[in-house]
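> Structure of the sequence below:
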Amino acid sequence: MNTQKTVTIVQGDYAVSADPNVLFSTVLGSCVAVCLFDRRAGIGGMNHFLLAGDTQHPSKDLKYGVNAMELLINKVLRAGGDRNALQAKLFGGARMTEHSRDIGASNARFAEDFLQREGIACVAQSLGGNKARRVQFTPASGAARQMQISGPGPIIEPVPTKAPDKADITLF
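The predicted structure is shown next:
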């Protein structure tokens, strides 16, 4: 009897497997997950990055897409994947707040551009929007599924205003 093993990929993390019983899972908001696989070799991996990365000030931190992508690709290749057979599926990049810059769009654009520069086909994607999503990916087959996470919107309550105190003095 085969038992499925779920591996949670957290922010700034990645994993690779050829085990058909392994399922990678992550939850994304503005972050992006790249599911990379070689279907013929039966191997794949997933990363989860928070920010595209700054080429002006390079860092080895996995929260940056540029590092997360390089490490994921290299690990898939070392595990037996063929560079010419790699395919990708992209998820995430939502705009989670209206009050700041659109980090999700920047992350999504980075992932698409990176794959294009590297010559890796993006065969499916679900990017953008304004809702979080849970992504599950079977690395050995390349199968992926996504579930939108819906929840109540923020509760907006009026801020009570205090009545001004009566002044003891009169200003002219």
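> Give me the distance between the residue sitting nearest the centre point of the chain and Leu51.
Centrality entry for the chain: nearest residue to the mean C-alpha point is Val32, 2.0 Å, by CA atoms, centre = their mean. Distance from Val32 to Leu51, counting by CB to CB, to the nearest Å: 10 Å. Glycine gets a C-beta too; all of them are placed from N, C-alpha and C.
> shared neighbours, these two?
By CB atoms under 8 Å, 6 or more residues apart in numbering, Val32 and Leu51 have these common neighbours: Gly65, Asn107.
> What is the helix or strand harbouring Val7 packed up against?
Secondary-structure assignment from DSSP states H and E places Val7 in strand 5-8. Strand 5-8 makes packing contacts with strand 22-28 when contacts are defined by 3 or more CB pairs under 8 Å, 6 or more residues apart in numbering; DSSP states H and E.
> Same question for stretch 40-52: list its buried residues.
Neighbour counts over stretch 40-52 (16 or more other CB atoms under 10 Å) mark Ala41, Gly42, Ile43, Gly44, Gly45, Met46, Asn47, His48, Phe49, Leu50, Leu51, Ala52 as buried.
> Give me the buried stretch members for the strand or helix carrying Ala68, please.
Following DSSP H and E, one finds Ala68 within helix 65-78. For helix 65-78, a neighbour-count test (16+ other CB under 10 Å) marks Gly65, Val66, Asn67, Ala68, Met69, Leu71, Leu72, Ile73, Lys75, Val76, Leu77 as buried.
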